[in-house]
Structure formats: C-alpha cells, structure tokens
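J.: I'd like to go over a predicted model; first the sequence, then the structure.
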Amino acid sequence: MSAQRTADEPLDWVRRTFGHAFAEPGLCRTALTHRSAGADHNERLEFLGDAILNCAVARMLYDAHPKADEGALSRQRASLVSGESLARIAAELGVGDHVRLGGGEMRSGGYRRESILADALEAMLGAIYLDSGYEAAAAAAARLIAPRLGSLPAVGTLKDPKTRLQEVLQGRGLPLPIYTLTAVSGDPHDQAFTVSCAVQAFDVAAVAEGASRRRAEQMAAARVLELLPPGLRGQA
C-alpha cells in the first residue's frame, strides 16, 4: 500500500460513511487524532460537534414527533446522543479503525474505548461543519441518527436510572438513595470512578464504575432498581 493511498483511506471512509468529501483534508485528520497522538488533536472539534449534533437531533425529533412535549423530546435526544449511544454508532461505523492514538493508548486498547470513539464521532461532525457549514454537518448527523429514530423505546422508559429510582421512592414517601464516591483511579485524562448507591428503606445497595462520577451513579442506580421488590420494578 502506497503512502498516498494510506493518507487517502480515511478520506474515502468518511466519504462513504458520512457522505462528505473534505475540501480541507487536514480537518479530517485532526478529527481522528486523539490527544495522546499529538498536539493537533480533536478536542476542540469535539466541542463544536457536540453542539451541532444536539441541534441537528433536536430538529429531527421536533419534526418526527409534532405532539411530543419538551420533556419527552429532551429525553429522546439524550438517549440518542449519550456517550454510550454514540460509542455504539462509532463502533458500527469502524471509527476505531481510523482514529490515531499514541502508543500507550493503542496498547491499552484505546481504539475500543467508548469515550474515544464517541469523541471522535462528534469531532468529525465539527470538522465537517468547519469544512462546509452547518447544513453539511447536519446532513451527516441525520445520515447517522435518522435510521435510529424509529427504534427509540417508549418515552417513559427513557428516564435515566437515577430519576426513575428517585420517582419510585418519592412516590412511596421514602427517603432518597444515598450515593457515595468510594474510589477514583487512573490517569487524570482517563479516570474511573466507583460509586455506591444505597436505599436504606429496602436494605439494598449496589456498586458501579464509570468514566465519570455521573455515569457511575447512573449505573449504580440501574443496578439498585433491579434489586427492588418486583412490584416496584414495574413502577420504574
């Protein structure tokens, strides 16, 4: 494989996957570069792409569900643009095959890490925006997200686990769960948070680990919901 072909491969992949041909190939390269691989990395593009994705998905949902209220639309959008959802989409698209990582990240399997995949996906939308404007970026977002609109679960099930657990307890006049941060590990740019969630009224507790404290709390709450008496699980 020639060096030129190697350099062109990500551009061809983006053209097939996102439906966009870059006028400035350097933007594509930056979007696929993790901070571990050099100073010209994708974090600023990710910032742009996150905003563009939220706006584009909001418009898609607004058009698709004319009778849905703000809360329902917000929960559906959160489901579609969550880090977990974006990482799943990125994995399906093969983002991990094209992202540029430093040696340490590569050896530790960074090309499979959810946060790296989701960030690169958002960065690509930011790069497309800078290359050709909002309409091009929104079209790329629609190409990825629109096919998934029809398979969204019922709005009621889209409440996050912490909210669902809180509503179950409040509905019975019981004290709210107690979340405790029990451990933080890893390098500053790649930390893992361990959180426990306890519901004293039912003497149940669960522990979970996540890439952020919020994510760990959500996962712990989800596990506690599974430990509640069967009748209460249905209410959640």
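T.: Sure, I can see it. Residues are numbered from 1 along each chain as shown.
J.: What segments of this structure are helices?
T.: 3-18, 25-31, 43-64, 70-81, 83-93, 103-107, 114-132, 134-149, 161-171, 213-227, 230-235 (DSSP state H).
J.: ok, and which of the ones you listed has the densest surroundings?
T.: Mean neighbour count (mean count of other CB atoms under 10 Å) peaks for helix 114-132 among the helices of the chain, with a mean of 24. To be clear about C-beta, it is placed using only N, CA and C from the backbone, and glycine gets the same treatment.
J.: you'd agree Ala183 is up against Val207?
T.: No - here Ala183 does not reach Val207: they are 9.4 Å apart, not a contact under CB atoms under 8 Å.
J.: Next up, the contacts around the spatially closest residue to Leu80 that is not a sequence neighbour.
T.: Among residues not flanking Leu80 along the chain, Val57 sits closest, at 5.4 Å (CB to CB, 6 or more residues apart in numbering). Val57 is in contact with 77, 80-81, 141, 145, counting by CB atoms under 8 Å, 6 or more residues apart in numbering.
J.: per-residue pLDDT, the spatially most central residue of the chain?
T.: Compute the mean C-alpha point of the chain, and by CA atoms, centre = their mean the closest residue is Gly83, 1.2 Å away. On the pLDDT scale, Gly83 is placed at 85.
J.: dump the residue contacts of it.
T.: Shown in contact with Gly83 (CB under 8 Å, 6+ apart): 114-115, 118, 211, 215.
J.: returning to that earlier point: any shared contact partners between Ala183 and Val207?
T.: Joint contacts of Ala183 and Val207 (CB under 8 Å, 6+ apart) are Thr194.
J.: out of the two, which sits in the busier spot?
T.: When Ala183 and Val207 are compared for neighbours, Val207 comes out ahead with 17 against 12, by other CB atoms under 10 Å.
J.: I'd like the distance between the closest residue to that one other than its chain neighbours and Gln218.
T.: Among residues not flanking Val207 along the chain, Ser196 sits closest, at 4.8 Å (CB to CB, 6+ apart). Separation of Ser196 from Gln218 (CB to CB, to the nearest Å): 13 Å.
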